[in-house]
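> Any chance you could fold what I've pasted below:
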Amino acid sequence: MNFIRTLISELWNDKSLVRIYLNERLRKETLSGRTLDIGCGSNMKYLDFMMRAPDTQMEVLDPKIAKTIDFESDALPYATGTFNTVILLNVLEHVFHYQHLVSEVHRTLSLDGRLIGFTPFLVRYHPDPHDFFRYTDEALRKILEAQGFKNIEVVPIGAGPFLAGLNVFVLSLPRPIRVLLSLKALACDYLFLKVRPQARAIYPMGYCFFATK
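I've put the predicted structure just below:
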């Protein structure tokens with residue numbers, strides 16, 4: 001019931017379904033040490049859902065805030081092994097040369113430093129300023145492995161095909177209708193996955209990914 005209340009409240013406050021599910025997953029994460037948030041933009045409310053150890057020191061890097069970095073080609077302006085944690089949420093789909101960026105993230109992490117990331121899958125086209133890719137579980141694992149990451153975990157976000165489909169246009173609906181349809185879609189997903197539980201993995205709204213250096 002707590003999640004249902006959260007779902008209704010966040011939809012009313014113009015959060016997409018994929019953002020709501022992502023924030024719920026981030027509740028399980030704890031930041032510690034020197035932490036870099038890459039591509040954070042100006043709205044960092046997702047950080048409110050993550051726990052923080054007392055030693056956490058936050059830094060941000062976003063071309064829209066400091067227009068001195070190009071994720072496509074520039075080295076990140078930090079020494080090797082600088083950060084204990086790097087956050088990379090909703091960034092990879094907007095970077096054409098994503099291998100370069102992932103390599104730079106790996107370089108700037110300390111030994112056993114942790115990457116916390118997310119990329120959407122079954123969502124609408126959303127240029128910022130470009131929107132290049134949708135990554136599968138398999139693709140994310142190969143990309144991270146190729147740059148030397150270990151302990152890779154990829155977690156699908158979402159409830160099933162009905163909510164995933166609704167997420168594409170839900171915020172264009174009036175608030176009462178978006179809430180009503182979302183609750184109905186959630187019920188449909190519950191019933192659908194009772195019959196076909198193996199289908200949960202093939203209708204993700206996106207993937208959280210975690211890895212260590």
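> can you give me the strands for this structure?
30-31, 34-38, 51-52, 57-61, 83-89, 109-120, 150-157, 206-212 (DSSP state E).
> what's the angle between the fourth one and strand 83-89?
The one in question is strand 57-61. Following axes from the mean of the first three to the mean of the last three C-alpha atoms, to 10 degrees, one obtains 50 degrees for the angle between strand 57-61 and strand 83-89.
> So for the longest helix seen in the chain, what gets flagged as buried?
For the chain, the helix with the greatest residue count under DSSP state H is helix 175-195. Neighbour counts over helix 175-195 (16 or more other C-beta atoms under 10 Å) mark 178-179, 181-182, 185-186, 188-189, 192-193 as buried. C-beta coordinates here come from the backbone N, C-alpha and C atoms, glycine included.
> Closest one of the residues you listed to residue 65?
residue 178 (30.7 Å; C-beta to C-beta).
> excluding its backbone neighbours, what's nearest that closest one?
residue 170 (4.9 Å; C-beta to C-beta, 6 or more residues apart in numbering).
> With residue 105 as the reference, measure out to the residue lying closest to residue 163 once chain neighbours are set aside.
Among residues not flanking residue 163 along the chain, residue 185 sits closest, at 4.7 Å (C-beta to C-beta, 6+ apart). To residue 105, residue 185 is 35 Å away according to C-beta to C-beta, to the nearest Å.
> do the same with residue 160
31 Å.
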